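Participant: Predicted coordinates and the sequence they were generated for:
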Amino acid sequence: MNRVLYFIYSAAVGAKPLDEGSALYARVFRTEYSFKDYKWDRDANEWVASDYLGYLTATGSPDLENVAEENLPDQITKF
């Protein structure tokens, strides 16, 4: 079973997933130290591979927040 962490990236205070100007990311751990990052594509309504989350976490972006899976909108496919 995969462990998944979801993140929202937005400069707006209190932004929600899918808000205008925000981005939704997922980090899917295959093992404890092996993971793949994805971004939600609003136009295609699907997850696409993305390396940008790695940059955001490495630089300690203050605009990146964790999102609990239960707080994701229903139209978002969960891993």
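Facilitator: Sure thing, it's come through.
Participant: where are the low-confidence patches of this protein?
Facilitator: Confidence mapping of the chain against pLDDT under 70 gives the ranges 1.
Participant: All the strands of it, residue numbers only.
Facilitator: For the chain, strands defined by DSSP state E occupy the ranges 3-9, 23-29, 35-41, 46-49, 64-67.
Participant: Adding mean neighbour count, write the ones you listed out as TSV.
Facilitator: Yep, even glycine has a C-beta here, placed from its N, CA and C like the rest. Formatted as TSV, the strands of the chain follow (neighbours: other C-beta atoms under 10 Å):
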stretch	mean neighbour count
strand 3-9	18
strand 23-29	20
strand 35-41	18
strand 46-49	12
strand 64-67	14
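Participant: now those strands as JSON lines including distance to Gln75?
Facilitator: Formatted as JSON lines, these follow (distance: least, C-beta to C-beta, whole Å):
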{"stretch": "strand 3-9", "distance to Gln75": "14"}
{"stretch": "strand 23-29", "distance to Gln75": "11"}
{"stretch": "strand 35-41", "distance to Gln75": "10"}
{"stretch": "strand 46-49", "distance to Gln75": "11"}
{"stretch": "strand 64-67", "distance to Gln75": "14"}
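Participant: Which of these sits closest to Ala15?
Facilitator: Closest approach to Ala15 among the strands of the chain (C-beta to C-beta): strand 3-9, 5.9 Å.
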